[in-house]
Structures are given as structure tokens and as C-alpha cells.
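1. Coordinates for the following, if possible.
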Amino acid sequence: MHLIVVSSLDALCRREACGDLAAEHPGSLVVFHDLLENGLVIRRVFDAAGPVEYEETILEHGGLSCAVRLDLVPAIDRLAASAQGPIIIGLPPAVPASVAVTALNRGLSRPATVSSAIIALAPDALEDHIWDPHTLFESGFTPVADDERTPGEFLLGELAFADTVLVAEPDIVPADPAGRERGLHLLRELAPHAHRAAGTIQVRRSAANAAASPFVTVVQRMDRPLHPGRFRQVLGTLAEGCCVLQGHLWVASAPECRIAIQGIGPRVWLENTGKWPEEPAATEQAGRAPGPAATVLAATGEGLDPAEFERLLRDCELTDDELAAGAVLSDPFALRPAS
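-> Residues are numbered from 1 along each chain as shown. Prediction:
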């Protein structure tokens, strides 16, 4: 049994993607799964002839993972017994494909292969979603009020997980050609590993490649610890023009800890992920560590200057005098040493 999992922020993009996939796979079943307010789950099943099933269920705990585990997985297990082709699963908007794939792998009673994980989106909306400062609930993408992810966080997670990006352009929403071209360029930066497929629109690769992309990805490695005060001062400048900022930091106020950094649109956050695999021991010679301790930052944005990006980070490194002094530095980020 083969499964195709489709995730999306937008139910219209999801519907278009699932319809296109069904046309490409004769004999397939399409399962639309939706989570509404008050724990209401609606499941609709279609084949080539039309509707097959419609069912509503009220879950006591109406969370995203519960909806997948308690309703979707048993339904797929039952449908698989008579399926003549792949089952195309349209997940509820904002449900990560990784959550569904994990639940299916654990919960199905018969062998199944997820042959593709697809993110369906309209490229002209990509930038707006990334820069949206509201939560998924506040922006109306999920009924789960305590879901604090932003649309950008969801999309970046899906772009990292998916093997295919299916670009869609629902007829009901007027297209923005300039925004679509920018979105296609940005997709190539954010998901270079993913296959890009057209939905009902034609992706004019020659047109999208005719003009140079406004977006660039810069990667910088620093082998000395960063001064926490100076890094705090420049962090806003580093992130200002970045759609995405991610990597890990070696900060002098918590030198034994690997500090993850993630910036998506207007949000930037740091997290202490524990000790480095080999505890760093700065030397007087160059402040280098024998293990993997280092700062590695990747930034994707419009018109980024690699030289300026490097200069800003170099100015944050500890100097020879600061390394020799070995002073205990203040911790403006409240990074707690790993226990």
C-alpha cells in the first residue's frame, strides 16, 4: 500500500493539489481530513466517481496529533484493505506531515509506504506567510488556540521535511505574477532538495530564471566564541533583512553549551540544546576548541551582502586580550549552562 501525504496552510491549495494527484494516479482514494472548533473532526473520502464517505467525529481532546492518531490512522487502516491504488491524504491545514507519517508508521496494522510527502502552497503568498507575526490560531489557520507556531514556522518545517513542493494557484484567489516569481525564487533557496511540481498552473522556469533571484543564502562559520553583549547588539541587524536565520552559536557566556538559533520572519529565538559533543577548551593561541564548538549561521534574504554579514560576526568574536583575560561575561540572553 502506498500513501501520499499532502500538507498545507491553505485548504484551497490542498484541494487543488489532491485533485491533481488523483488525476495522475488512477484508482486512488483521496481522504480530506479537517479539524474544526470544539474538537470536531470531518473526514471525507473520494474516488474517481465522487464521494465515498463522509463522517463527523467529536474528540474529547481536539489537538492536532490526537485528530491524526485517533481518527485518521484508523480510517486509513480500514480503507487500505480495499484500496485499488494509492491513498492520497489531505491533512488538516497546519498539521505537519512529519506528525502524520510518524502516526501512520506506528499505527497501521498492515505494511504501508509513504511514497511522497508534499507541501502544497501558492508561491505568491510565501513571503507574506513567513513575515506574518501572528500565531497560526490568530491568523485563522487552526482552531487550536494554544498553537503558538507562526505560519512561517509551519512552512519552514514542511519545506525541510517534504520531498515535493506542489505550487498551486486556486482560481478563487487572483494571482500576483510578480509575487509568484519572487515566491518561486525563494522556494529554490529554502527547499533546494525538494522537487518542484506544477499544479494546475504552468511553472515557467525560463521566466523565473530569466531575472537573477533577489534572494541569496549566506553561510558563515566562526571558530572563536562570540562576545554575548556585542552579539546582542548586532543580532537585530543580522536578522533585519533575513527571511530565515538558522544555525548554532558558541557564546562566551555559556561556552560549554551549543546554542541553537532560529529566525523566521519577525521572530528570532535562541535555545540551549546542551553540551557540545566534545566540551570546548579555549586555548590562548587562537581560542579554538578541539571538538565541534563553533558558530555556524545560515541566512536567507533579499540582497544580503556576504562580506558585511561576515564583518558583523567577526566583530562579535572574542579578541586575543579577552581570551587571555578569561573574564566571566554577563549573559544578556539568559543562557543557562547545561547541567
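
2. neighbours of residue 56, just the number please.
-> By the criterion of other C-beta atoms under 10 Å, residue 56 has 11 neighbours. The C-beta positions use only the backbone N, C-alpha and C, and glycine is treated the same way.

3. my read: it touches residue 39, true?
-> No - in terms of C-beta atoms under 8 Å, residue 56 does not count as a neighbour of residue 39; the distance is 10.8 Å.

4. And the strands in this structure, which stretches?
-> Ranges of strands within the chain are 2-8, 29-35, 40-47, 50-58, 87-90, 113-121, 164-167, 195-198, 215-222, 242-249, 257-264, 267-275, 295-302, based on DSSP state E.

5. Can you list the low-confidence ranges for the protein?
-> Under the criterion pLDDT under 70, the flagged ranges of the chain are 62, 198-211, 278-291, 336-339.

6. Show me it divided up by domain.
-> Residue ranges for each domain of the chain read 2-210, 215-325, as given by automatic domain parsing.

7. got these as a markdown table, with distance to residue 335 columns?
-> Formatted as a markdown table, those follow (distance: least, C-beta to C-beta, whole Å):
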| stretch | distance to residue 335 |
| --- | --- |
| domain 2-210 | 21 |
| domain 215-325 | 4 |
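
8. Can you report how many residues neighbour the residue nearest to residue 195 when sequence neighbours are not counted?
-> Leaving out its chain neighbours, the residue that sits closest to residue 195 by C-beta to C-beta, 6 or more residues apart in numbering is residue 164, at 4.7 Å. Residue 164 has 18 neighbours, counted by other C-beta under 10 Å.

9. Can you give me every residue that contacts residue 111?
-> residue 1 (C-beta atoms under 8 Å, 6 or more residues apart in numbering).

10. wait, doesn't residue 85 sit right on residue 25?
-> Yes - contact status for residue 85 versus residue 25: in contact at 5.5 Å, counting by C-beta under 8 Å.

11. The two: which is more packed in?
-> The residue with more neighbours, out of residue 85 and residue 25, is residue 25; 18 against 15, by other C-beta under 10 Å.

12. hmm, back to that, and the residue nearest to residue 195, how close does it get to residue 218?
-> According to C-beta to C-beta, to the nearest Å, residue 164 and residue 218 sit 27 Å apart.

13. Ok, residue 143 next?
-> 38 Å.

14. just the helices in the stretch 201-339 of the chain please.
-> Ranges of helices in the stretch 201-339 of the chain, per DSSP state H, counting those that start in this stretch, are 205-210, 228-240, 306-314, 320-325.

15. so which of these is the most packed in?
-> helix 228-240 (a mean of 16; mean count of other C-beta atoms under 10 Å).

16. Kindly calculate the angle that that helix makes with strand 295-302.
-> Orientation of helix 228-240 against strand 295-302 (axes from the mean of the first three to the mean of the last three C-alpha atoms, to 10 degrees) gives an angle of 30 degrees.
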